[in-house]
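Asker: Next one to model:
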Amino acid sequence: MKIEYKEIKQFSPESLQELFLSVGWSSGHYPEKLAEAMQNSATVFSAWDGETLIGLVNALDDGIMTAYIHYLLIHPDYQDKRIGKELIGKIKEKYKSYMRIVLIAYEKETGFYKHCGFKAGKEKVPMFITSLWT
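Answerer: Numbering: from 1, shown residues only. Take a look at the predicted model:
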């Protein structure tokens with residue numbers, strides 16, 4: 001298996017839908033919105049097995065100081081093959097001159113991110129307002 005990494009923002013809605021639903025993310029039900037979101041992201045790195053999108057990471061940034069990792073997902077058939085670590089490495093390299101790279105992780109994911117050099121903030125709590133589209 002030869003994985004190819006690309007820095008692109010143009011994706012078919014179908015490829016995004018397949019990837020997002022493969023990991024059970026409800027945003028996969030809005031493939032056109034996902035395609036537009038990727039186009040509007042500051043940075044998107046993706047992983048491909050031939051013509052199949054198998055992983056993706058995107059970042060939103062202010063252009064100078066702070067970058068926020070919004071999505072990191074790897075198709076379940078390709079997990080535990082260092083693809084996520086490679087994608088995070090590409091983000092870290094791109095934003096190495098920034099003061100801070102920020103992400104919100106579920107507790108079960110913190111081990112992976114700590115392995116990638118991230119540290120949990122003390123006394124910090126993620127906060128959300130989530131709206132469901134109809």
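Asker: going forward, measure contacts between C-alpha atoms and count neighbours the same way
Answerer: OK.
Asker: List the buried residues of the helix ranked longest in the chain.
Answerer: Assignment by DSSP state H gives helix 83-94 as the longest helix of the chain. Neighbour counts using 16 or more other C-alpha atoms under 10 Å place 83-85, 87-88, 90-92 of helix 83-94 among the buried residues.
Asker: go on, stretch 42-53?
Answerer: Under the neighbour-count criterion of 16+ other C-alpha under 10 Å, stretch 42-53 has 42-48, 53 buried.
Asker: Between those residues, which sits nearest residue 15?
Answerer: Distance to residue 15, by C-alpha to C-alpha, is smallest for residue 53 among those, at 6.2 Å.
Asker: what bridges to residue 67?
Answerer: Residue 67 has these beta-bridge partners by DSSP bridges: residue 61, residue 101.
Asker: in terms of contact, does it touch residue 96 like I think?
Answerer: No. Counting by C-alpha atoms under 8 Å, residue 67 stays clear of residue 96, with 10.1 Å between them.
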